[in-house]
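Enquirer: Quick one, structure for this:
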Amino acid sequence: MLGIIMTPASGTPTTDGEHVKFNASYDSRCVRWRLASFAVLLWVACMFSRQAGAAAAEPIGTVTQVYDGALTTDIQVNTFRNIDRLFPVRVVRHGSHVLALVPAAKLLTRVEFSSGGKSYDLIDYMALNRVTAMLVLKDGKIAYEDYEMGNTEKTRWMSMSMVKSVTSSLMGAAIQDGHIKSIDDPVTQYVANLQGSAYDGVSIRYLLQMASGVKWDETYTNPASDRRRMLDAQIAQRPGAIMDLMAKLPRAGAPGTIWNYSTGETFVAGAVVRAAVGRPLAQYLSERIWTKAGMESDATWWLESPDGLEIGGSGLSATLRDYGRFGLFLMNGGVAGGEKILPDGWVRDAGSSKTIGGKNVDYGYMIWPFSARSGAVNQGAFQALGIYGQHIYVNLREHVVIVVWSAQPKPTDKVVIADEDFFAAATAAVR
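Expert: Numbers count the residues shown, from 1 in each chain. Here you go, the predicted structure:
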């Protein structure tokens, strides 16, 4: 830190790198102003240093404990906002233009609704579902914003599988940019390591729909599942380890005949995009979406290994408002900054149900559409969804985006209040 020294010589202030020297004849008002300005700068630097230091000092759990559902609440919340300490990451840079989010004319102050035959309100939903932050946007303006459990507007929070919808959007961008000729191109055209594997004959379309027909067990808490074997490969941090796992998987059925949720599929999708665009996913995300959609903060993204491939199905960490801006990007049909980033009709196709093996499946291109009756509030809505209660809800008809961060006690099956019931009620409340 610089010291302050007064000297009797005449002239202007000087510094030797360690001290600032003011001459006694120097105007005392100027000296006081400069000292005050210097103090303010030191205070600002101290505050930023404290915030960074506090995050780095928070005790966190291990990634194995995360997937086991074995963390107490305080450690769990610390871990979810510090996932960049669990694995190497690549930074997703934001740009100079920030999309302003101003208060809406009508704020969300009261929500009352029924779910599972019981009556609830906004506070019930926040408390019982262990919500740690929530943002409601109506017509691109903030109708509600709240942070809990130590989170702030500067906090970056884990996406879990919400990032799958980001990865599928990057696939759309690569098609729009001409890096990928068609959604029906074979996966092995871009990922040669999968030639001769169960991914032979699998199109990008089937990959995005999780209808490749490749066998996969997604059980998070089972150490022997394919999802946990993928996690073990990531923990090992050996380049190519996850793709080696994917190449050895057996087939469960013909492509397009079986729907099976698989985080492994999104890693393959990320590898397709990486090969097609010729640069890291984080860089491409920055260039085509993060800077164009006006994100206000950098994000980080888990890597398979140091300087390796991003984990296409998990591990993005971003601020609440930037997740909201991604929802607005989808709501606006993939147009950002006046530029068409995604192909015409991509968002509606990505967010709609598909027929796979003769059965209707409420899954699009790594996005979850809501199964709602005609005329219901959630009709045509969809969401990016992650375990432990992470949501980006997008309602195209109502022009509503809702982002929810949660810290539920287990990865799945611990929801007290059905999220879709709250989303419908909140959407109706801001009409």
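
Enquirer: how near is the residue nearest the centre of the chain to residue 73?
Expert: Nearest to the geometric centre of the chain sits residue 159, at 4.0 Å (C-alpha atoms, centre = their mean). Distance, residue 159 to residue 73, using C-beta to C-beta, to the nearest Å: 20 Å. All C-beta spots, glycine's among them, are computed from the backbone N, C-alpha and C.

Enquirer: next one: residue 145
Expert: Counting by C-beta to C-beta - residue 145 and residue 73 are separated by 22 Å.

Enquirer: Which one's more surrounded, the two?
Expert: Higher neighbour count among residue 145 and residue 73: residue 145, with 19 against 12, using other C-beta atoms under 10 Å.

Enquirer: Chain neighbours aside, what residue packs nearest to the more buried one?
Expert: residue 135 (5.2 Å; C-beta to C-beta, 6 or more residues apart in numbering).

Enquirer: same question, residue 386
Expert: residue 160 is the one closest to residue 386 (C-beta to C-beta, 6+ apart), at 2.9 Å.

Enquirer: dump the residue contacts of that neighbour.
Expert: 314, 386, 387, 388, 390 (C-beta atoms under 8 Å, 6 or more residues apart in numbering).

Enquirer: Just the ones of those residues in helices?
Expert: Within these, no residue falls in helices by DSSP state H.

Enquirer: Distance check, the residue nearest to residue 386 against residue 315.
Expert: Counting by C-beta to C-beta - residue 160 and residue 315 are separated by 8 Å.

Enquirer: Residue 406 too?
Expert: 17 Å.

Enquirer: Would you map the strands across the stretch 151-300 of the chain?
Expert: 157-158, 299-302 (DSSP state E, counting those that start in this stretch).

Enquirer: among the ones you listed, which is nearest residue 418?
Expert: strand 157-158 (21.9 Å; C-beta to C-beta).

Enquirer: What separation do you get for residue 70 and residue 87?
Expert: 18 Å.

Enquirer: Who has more neighbours out of the two?
Expert: residue 87 (20 against 15).

Enquirer: Helix, strand, or coil at the residue nearest to residue 145?
Expert: Residue 135 falls in the strand class when you classify it by DSSP: H, G, I helix; E, B strand; the rest coil.

Enquirer: burial count for it?
Expert: 25.

Enquirer: do the same with the one 3 residues further on
Expert: In terms of burial, residue 138 registers 24 neighbours under the definition other C-beta under 10 Å.

Enquirer: closest to residue 218 among the contacts of residue 160?
Expert: Looking across the contacts of residue 160 and measuring by C-beta to C-beta, the closest to residue 218 is residue 387, at 10.0 Å.

Enquirer: pretty sure the closest one contacts residue 219?
Expert: No. Shown here, residue 387 and residue 219 do not form a contact pair, counting by C-beta atoms under 8 Å, at 11.5 Å.

Enquirer: Counting neighbours, go ahead and name the busier of the two.
Expert: The neighbour count for residue 387 versus residue 219, taken as other C-beta under 10 Å, is higher for residue 387 (21 against 14).

Enquirer: nearest residue to that one other than its sequence neighbours?
Expert: Per C-beta to C-beta, 6+ apart, closest to residue 387 is residue 411, 4.1 Å.

Enquirer: quick one: contacts for the nearest residue to residue 141 once chain neighbours are set aside?
Expert: Spatial nearest neighbour of residue 141, excluding adjacent residues (C-beta to C-beta, 6+ apart): residue 104 at 3.8 Å. Residue 104 is in contact with 137, 138, 139, 141, 142, 143, 430, counting by C-beta under 8 Å, 6+ apart.

Enquirer: for residue 104, phi and psi?
Expert: Here is the backbone geometry of residue 104 (degrees, to the nearest 10): phi -80, psi 160.

Enquirer: Just the pLDDT for it.
Expert: Residue 104 carries a pLDDT value of 98.

Enquirer: so how far is residue 371 from it?
Expert: Taking C-beta to C-beta, one finds residue 104 at 28 Å from residue 371.

Enquirer: now residue 251
Expert: On the measure of C-beta to C-beta, residue 251 and residue 371 end up 29 Å apart.

Enquirer: Between the two, tell me which one has more neighbours.
Expert: Here residue 251 and residue 371 are compared on neighbour count by other C-beta under 10 Å; more neighbours surround residue 251, at 17 against 12.

Enquirer: What mean pLDDT does stretch 195-215 get?
Expert: 98.

Enquirer: Could I get the buried residue list for it?
Expert: 197-199, 202-214 (16 or more other C-beta atoms under 10 Å).

Enquirer: Closest one of those residues to residue 415?
Expert: Closest to residue 415, out of all of the buried residues of stretch 195-215 and judged by C-beta to C-beta, is residue 210, at 21.7 Å.

Enquirer: Pop out the phi and psi values for that closest one.
Expert: phi 60, psi 40.

Enquirer: Distance check, the closest residue to residue 350 other than its chain neighbours against residue 103.
Expert: In space, residue 350 comes closest to residue 365 once its chain neighbours are excluded; the distance is 3.8 Å by C-beta to C-beta, 6+ apart. Counting by C-beta to C-beta, the separation of residue 365 from residue 103 is 33 Å.

Enquirer: In terms of neighbours, single out the busier of those two.
Expert: residue 365 (26 against 11).

Enquirer: Nothing else from me, thank you.
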